[in-house]
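Take this sequence and fold it.
(chains A, B and C)
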Amino acid sequence: MQQYLPSDYLPIIVQLVLALGFVATTMLATNYIIPKIFRNRVHGKVKDDTWECGIEPQGDARTPISIKYFLTAILFVLFDVEIIFLYPWAVNFRSLGWLGFAEMIVFMTLLMAGFFYVIRKGVLNWD
Amino acid sequence: MVDLSQYTLTCALIPFIPLIGFLINGIGFRHIPKGLVGLTGSAASILSFGLSLYLFNAFLAGGNQSFTVYLFDWITVGDLRISFSFLIDQLSLLMLLIITGVGSLIHIYSIGYMKHDAGYGKFFAFLNLFLFSMLLLVMGSNYPIMFIGWEGVGLCSYLLIGFWNKNTNYNNAARKAFIMNRIGDLGFLLGIFLIFYTLGSVEFTEVMPKAATVFGVDDGTVIAITLLLFVGAMGKSAQIPLYTWLPDAMAGPTPVSALIHAATMVTAGIYMVIRSNVLYTLAPTTLGVVAVIGLATALLAATIGIFQNDIKKVLAYSTVSQLGYMFLGLGVAAYSSAMFHVITHAFFKALLFLGAGSVIHAMSDEQDIRRMGGLRRHLPVTFATFLVATIAIAGIPPFSGFFSKDEILMHVYEHSPVMWVLAVIGSMMTSFYMFRLLFLTFAGTFRGTHEQEHHLHESPASMTIPLLVLAILSAAGGVLGLPEVLGGGNWLAKFMSPLFDLSRQVRPESFTQTHLSHSQEYILMGVSVAAALLALGAAAVLYVSRKAVPAPEGTRLPALQNLIYNKYYVDEFYNNIIVKPLLALGDFLYGVFEFLVIDLIVNGVGKATNGLSGVFRRFQTGNIGFYIISMVVGIIVILLINLRGFIL
Amino acid sequence: MFYSVVLLSIFGILNLFLGFLKSRAWLLPVTLLFLATALVVTLTDWNKSLFFWNYMMSTDNVSVAFATIIIVSAMLILPLSRFYFPNAAAPVPEYYAILLFSVVGAILMVTYENIIMLFLGLETLSIAMYILAGSDKRNPRSHEAALKYFLMGAFATGILLFGVAMLYGATGTFNLSGLAQYVRTTLVNGASPMLYLGLTLVLIGILFKLSVAPFHFWTPDVYDGTPTLFTAFMATVVKTAGFAALYKILSVSFTGIYSVWWITLAATSVLTLLIGNITAVYQQSFKRMLAYSSISHAGYLLIAVTAMGQTSQSSILFYSLAYTLATITSFAVLILVNENRAGESFSAFNGLARHNPFLAFALTVAMCSLAGIPLTGGFFGKFYIFINALEKGLLFLLVVAVLMSAVGIYYYFRVVIAMYMRGSDDNAVADRIIVPKSYAAVLAITTFLTILLGVAPDLLVRYF
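Residues are numbered from 1 along each chain as shown, chains lettered A, B, ... in the order given. Got it, this is the predicted structure:
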C-alpha cells in the first residue's frame, strides 16, 4: 500500500479552511456588516413577515397533520426500498439458482409477514 | 502430630451455627413465637461455645500444635489463590472462647433485658450475625477472611446502634460509627493490598515468614504496611483520632454495648496487631506510634470519663481508655500482656455494662447518674457484682484487672519510665471515675422521681445469673496470668509464647527477659495499687462523705471542666474541620455543575449564536446543545491526545 | 449463537402476531419461553470456537457467557412488566417484540467478528431503545428522553461509522483478525494516522453508548424520563453488550498499539468515576441516582478494559453480572415503590423495612453490592478489577477508584437509611406494598445470586 505523508493532506486542510471561512464570513456579514450598511432596510414589519406570494399570511404553518399520512409515507418508503432488492436478484436469477430462490422466498415471507401485520393493525384503514 | 482432619467439621460449625441462628430468626422473626426466638439465639451461641471448648481441649491434648482447616477455594485471580480456611492456634482459640463465652452470657441476659421490645426477634438475629462475623474475623487464616469478618462486625454494629431507629440521634450515632469505621477500613484495605503487592500472599502462615526474610528492621514498606493496618485498628478499636464514635454508639441497647462495644468487637484491632506481630516487631517506629497513641487515648478518655453523667457514657469512655492501655501494651511489644488485658477487660467491662443495663432496667430507662443513688438496697445482686467489676477495673488486687494492667505497666516501665508515670496517672483517674460512678449510683439516697422509686426492682434471674458468672470471672480471671513474683507461673504468657517465635527471631532485643528485680516489681505494683486506692479514697470522700452531686445541665462550669465535660469539643472540631468544608465543597461543585455550566455557558453560547438560534431553538432545549458541545470538545481533546504524534 | 440470533428474530416477529390473539395471558410466558429457548441454544456453543456467515460472527466461551448474561437479564426484567401496563390498550406485544430485537442486537455486539456487525448490532439495540424510551406516550418527560437519546445517539453513531470507514481505509478490511494482522505486520513500519483516527472515533462511538464521561450527558435525562422498566433494560443489557464489544475489539485487534488507546480510556475512566460518583451524591431522586451510579460503574468497568491483561475478561464478566443483578433488583423495587407510593425520591422509601422487610432486604443487598461491600457480588467485581489495575501498575486509577467507591457508599446507603431508620410520617404512605409473585420471584433470584457471587465467586471465575 502506498504510504501517505502528512503533506498529502494539505488540499483537505485548504478545503476545510475555505469551508469554515465561508460560513464564518457569511454569518459575520449578515449579522454585522449588512445591517450597518442598509440600516432601516433590513428589519421592518413587512421585511420580517413570512413570504406568501403576495397573499396575506394566515395562521401558523405548523398545523397538526394526521398521523395517517406519515404512516402511509413511511410504509411506502419501507416497501419501496425492500422491493429494490428484487431487481438485482432478478437479473442474477439464473446464476443464483435454487438457493437464491429459496433465500428470496424467505425474504419475501418476512416482508409479507410485515405487510400482514400492518394490515391487521389497521394502519391502512383510512377512517 | 495429631490427626487434624477430624476437627474440620467442628471448626466449620463454630461460626456457622450462629449463622444458622441468624437465618432462622432473621427470616422467620414474624412467625416464630417469642420464647423460641431467645432460645434459638442463645442456643446457637452456647453450642458454639461448647464446640470451642472441645476444640480447645483437643488443642491442648494435641500438644499445642496450630493447624489450618481448609474448607474451599474462595477467590482465584491469576497466581493469587485465597482459600476459605481457618487458622486454629493459641490466639484464635483464646478469642473464640471469649467471644462465644461472653457472647453466650450476654445472649442469656438479653432474653430478660429485651423481653418487652418490639424488635425482639430482629435483635437476636443481629446478635447471631454479629457472632458469626466476629468468629470469621478471628478464625480466618488470611487477611481477606479477616476483612470480611471485620466489615461484617462493622455492619452489625451499625445495625445494632441504630436498633431503636425511631430516634434520629440514634441513627446519626449509627451513621457516625459506620463512617468512622469506613475511614479505618480504608486504611486496613490499603494495608492488605500493600502486603499482597510486596509479599505476594495474604495467608498469615505465608506472609509472616516471608516478611521476616524480605524486610529489614524498620524497612519503609513494613512501616507503611503496619501504619495502614493500624489505621484500621484505630477505627475499630476507637483510638485517637477515630474514637468519637464509640461513646455515641451507646445509643444501642445495653447488651449490645456490652458485647460489641466493650468485650469483643472493639478488641478486633488488638487481635489484628497481635496476629501481625511479626510485621509490627519489624517496625519499631510504628510500635512507637502505637504506644504514644494508646497512651494519649488512655489519658484523654479517662479525663473525659471523670465528668460524664450518663452511666453508659462513663463506661464508654472507660472502654476507650482501657483500649488505650492495650495499645500501649502492644506498643511496647508486650503482646501477651495486651491479650491478657483483653481477656480480663472482656470479663469486667461486660459485667459493668450488664450491671448498668440492670440499673437502667430498674430505673425505667433513666441513664443519668445524678438522678440515681442509694440503689444498693434495691438491687443487691447488681450492686455486689458491679462492685467486683469496679475493683477489678480500678486495678486493686486480687481481682483480675490488677494483674493484667500491672503486667502492661511493668513492660511500659522497662520501656520508658516517663510513660509509666503517665500511665499510672491514667489508672488513678480510672479508679476515680469508676468509684465516682459506683458511689453516685449505689450509695447515698435516691434522687430520682417517686414513680421511679416505686418501680425499683432487682432484675430477673436470666439477667442476674450472667452477672454472677461474670463477677466470678472478673474476680478470678487474674489466675490466668499470675506473675512469677506472686508465685504464679504466668500460664497465659507461656501458652501464647509460640505465637511470637518468629518475632523473637527477627528482633530478639525487644523480647529480652525482664531485668527488673523482684523488689522493683513489688515497688511498681505497690505504687499503682496505692494510686488506685488514693483515687478510691478521694472519690469516697467527695461522693460519699460530702454527698457531692454533679451540677445539673446548664450550670456554668469552670472553663477547664467545661472543656472536658464537652469532650474537648472534638466532635465540634471534626464537624467544623471535615464535615462543613466537605458540604461547602459539595455545594460549590453542585453550583458549578448545575448553575455555572448549564446556565452560564449554555446561555453564553446561546447569545453568541443569536442569529442562528432563531432557527435552531425550536429543535433544542438549552441543555442538549451544551451536551453535544461538550461531547465535541471531548472528542477533539481525545483526538489531539491520540494523534499527538502526527500533529506535533 | 447463530441459531439464537435467528430464533430470536423470528420469535420477535411471532410476538407481534401473538398480539392479535384476544387473550394476553400467554404473552409473557411465551416470551419467556422464547428467551429460554434462545438461552439453551446459546449454551450449546459452549467450549466451541466457531465462525458464522463468512467470518461475520465468531463465538468463544467469553461471548457465550456475555450472551448468557444478556439473555438472563432480559428474562429477569420481563416478568417485571406483569403489572407495569395498567392501560389495556398499551401495545405490550410490540414492547416485547422490540425487547427481543434489542436482545438480538446485543448478541450481535458480543459475537461480532466484522466491524459492520458491531455497527448493525449497536444500531439494532439503540433504535429499539429510542423507541422504548419514548414509549410512555402521555408523558412529556418520556418524549424528552427519547428525543435526547435519539439526537445524541445519532451523533455518536455517525462518529462510530466514520471511524469504521477510517479503519477500512487504513487497513482494507473489516475483520477483527484482519485488523490484528495489519497492526502486527504493516504497522511495524510506521504509525498510520488514519488507523489511529479510525480507532479513536470507533472508541468514542462505543464509549458514548456506555455513557462514559464526557459523553455521558444524555444518561441522567434519558434514564429519568424513560419508563422504569425500560430503564432497567437500558442500564443492564446495553452496558453489558457495550463493554463486551469494547473489550473484544481492543483485545483481539489492538493490543499491539496499547500505548495509543490506553491514555484515552484511563483519562475517561477517571473523569467518569469523578463525575458519576460526585454528582450522584446530590441527587434527590433514587432513579436519577441510579443513572449516575450507572455512569460511575462504567468507570470501574473501563478500568478493567484499560488494564488489559490475562484476567481482565473474567473481571469484566464478573462485574457486569454483579452490576446487572443488583441493578435489576434496584429497579424492580423502584417500580413497586413508585407505583404504590407515587414517588421516586429517597423519601418515598421511608420506613419500607417495617412494612416490606423482604423488599427492604433485597434492596439493601443490591445497594451493598453496588457499593462494593463484602459478601456481595459487587465486592468481588471491584476486587478483581482493582487487582487487574494493580497488576498492570495503574496505581493512580486504583487510588481514584478506591476513593470514589468510598464516596459511593454514601449515596447508596441513603436509601438503606431511609428504609430502615426513617419512619414514614404520612399514614397513607405507610401502607404495605403488595408484592406480585413475579416480582417476588425475580427479587429472590437476583438477591440470591448476588449473595452467592459474594460468597463463592470462584463458581464463575474458574471457567475463565
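
Next to chain B in this structure, residues from the stretch 201-350 of chain C, please.
When proximity is defined by C-beta under 8 Å from any C-beta of the partner chain, the stretch 201-350 of chain C lies next to chain B at C:201, C:203-204, C:208, C:213-215, C:217-218, C:221, C:260-261, C:263-264, C:267-268, C:278-279, C:281-282, C:310-311. For glycine as for every other residue, the C-beta is placed from the backbone atoms N, C-alpha and C.

Buried ones only from those residues, please, as a PyMOL command.
Paste this into PyMOL to select the buried members of those, with burial taken from 16 or more other C-beta atoms under 10 Å in any protein chain shown:
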select buried, chain C and resi 201+203+204+208+213+214+215+217+218+221+260+261+264+267+268+278+279+281+282+311
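
Which positions in chain A make contact with chain C?
Residues of chain A lying near chain C by C-beta under 8 Å from any C-beta: A:Met1, A:Gln3, A:Tyr4, A:Pro6, A:Leu110, A:Ala113, A:Gly114, A:Phe116, A:Tyr117, A:Arg120.

Tell me the one of those residues nearest chain B?
Nearest to chain B among the residues of chain A next to chain C, counting by C-beta to the nearest C-beta, is A:Pro6 at 6.3 Å.

any idea how far C:Gly190 is from that closest one?
Taken as C-beta to C-beta, to the nearest Å, the spacing of A:Pro6 relative to C:Gly190 amounts to 12 Å.

same question, C:Ala307
When distances are taken as C-beta to C-beta, C:Ala307 and C:Gly190 turn out to be 28 Å apart.

quick one: contacts for the residue lying farthest from the centre of chain C?
Among the residues of chain C, the one whose C-alpha is farthest from the average of all C-alpha positions is C:Asn189, by C-alpha atoms, centre = their mean at 39.2 Å. Applying C-beta atoms under 8 Å, 6 or more residues apart in numbering or on different chains to C:Asn189 gives no contacts.

For the host helix or strand of B:Ala471, list every residue counted as buried.
When elements are assigned from DSSP states H and E, B:Ala471 belongs to helix B:461-476. In terms of neighbour count (16+ other C-beta under 10 Å), helix B:461-476 has its buried residues at B:Ser462, B:Met463, B:Thr464, B:Pro466, B:Leu467, B:Leu468, B:Val469, B:Leu470, B:Ala471, B:Leu473, B:Ser474, B:Ala475.

rewinding a little: between C:Ala307 and C:Gly190, who's got more neighbours?
Set side by side, C:Ala307 and C:Gly190 give different neighbour counts by other C-beta atoms under 10 Å in any protein chain shown, the larger being at C:Ala307 (26 against 7).

from what I can see that one touches C:Tyr384, true?
No - counting by C-beta atoms under 8 Å, C:Ala307 does not reach C:Tyr384; the two are 10.4 Å apart.

Assign B:Leu228 to one of the three secondary structure states.
helix (DSSP: H, G, I helix; E, B strand; the rest coil).

Leaving out sequence neighbours, find the closest residue to it.
Taking C-beta to C-beta, 6 or more residues apart in numbering or on different chains, and ignoring the residues beside it in sequence, B:Leu228 has B:Gly191 as its nearest neighbour in space, at 3.4 Å.

Show me the contact partners of stretch B:293-304.
Residues beyond stretch B:293-304 that count as contacts (C-beta under 8 Å, 6+ apart) turn out to be B:234, B:238-240, B:243, B:317-318, B:320-331, B:419, B:422-423, B:425-426, B:429-430, B:433, B:564, B:567-568.

and those, which of them are in helices?
When those are checked against helices (DSSP state H), the matches are B:234, B:317-318, B:320-331, B:419, B:422-423, B:425-426, B:429-430, B:433, B:564.

what about the longest helix in the chain?
Using chain A here. helix A:93-120.

You answered for a different chain; I wanted chain B.
In terms of residue count, the longest helix belonging to chain B (DSSP H) is helix B:168-199.

Now do the buried residues in that helix.
Neighbour-count burial for helix B:168-199 flags B:170-171, B:173-196, B:198-199 (criterion: 16+ other C-beta under 10 Å).

tell me the mean pLDDT over that helix?
Confidence over helix B:168-199 (mean pLDDT, whole number) is 80.

How much space separates the closest residue to C:Thr228 other than its chain neighbours from chain A?
Closest residue to C:Thr228 apart from its sequence neighbours, by C-beta to C-beta, 6+ apart: C:Ile335 at 5.0 Å. C:Ile335 is 28 Å from chain A, where distance means C-beta to the nearest C-beta, to the nearest Å.

Could you list every helix and strand that the one helix or strand C:Ile335 maps to packs against?
In this structure, C:Ile335 is located in helix C:312-341 according to DSSP H and E. Taking 3 or more C-beta pairs under 8 Å, 6 or more residues apart in numbering or on different chains; DSSP states H and E as the contact definition, the neighbouring helices and strands of helix C:312-341 are helix C:61-77, helix C:228-233, helix C:239-253, helix C:286-306, helix C:357-371, helix C:377-392, helix C:437-455, helix C:458-461.

can we see that at 6 Å?
Of the remaining helices and strands, those touching helix C:312-341 by 3 or more C-beta pairs under 6 Å, 6 or more residues apart in numbering or on different chains; DSSP states H and E are helix C:61-77, helix C:228-233, helix C:239-253, helix C:286-306, helix C:357-371, helix C:377-392, helix C:437-455.

Contacts for the shortest one next, please.
Contacts to helix C:228-233, defined as C-beta atoms under 6 Å, 6 or more residues apart in numbering or on different chains, come from residues C:Ile77, C:Leu80, C:Ser81, C:Tyr84, C:Leu132, C:Tyr223, C:Ile328, C:Phe331, C:Leu334, C:Ile335.

Please spell out the ChimeraX selection for the buried subset of the residues you listed.
This is the ChimeraX syntax for the buried subset of those, where burial follows 16+ other C-beta under 10 Å:
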select /C:77,80,81,84,132,223,328,331,334,335
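
Quick one, which of the helices and strands packed on helix C:312-341 gets closest to B:Lys547.
Distances from B:Lys547 to each of these were compared using C-beta to C-beta; the minimum, 51.0 Å, belongs to helix C:357-371.

what angle separates the closest one from helix C:377-392?
10 degrees (axes from the mean of the first three to the mean of the last three C-alpha atoms, to 10 degrees).

How about helix C:357-371 and chain B, touching?
No - using C-beta under 6 Å from any C-beta of the partner chain, helix C:357-371 stays clear of chain B, coming no nearer than 8.0 Å.

tell me the average confidence for that helix?
For helix C:357-371, the per-residue pLDDT values average out at 92.

helices or strands next to that helix in the packing?
With contacts taken as 3+ C-beta pairs under 6 Å, 6+ apart, helix C:357-371 sits against helix C:312-341, helix C:377-392, helix C:395-421, helix C:437-455.

repeat that with 8 Å
Here helix C:357-371 touches helix C:312-341, helix C:352-355, helix C:377-392, helix C:395-421, helix C:437-455, going by 3+ C-beta pairs under 8 Å, 6+ apart.
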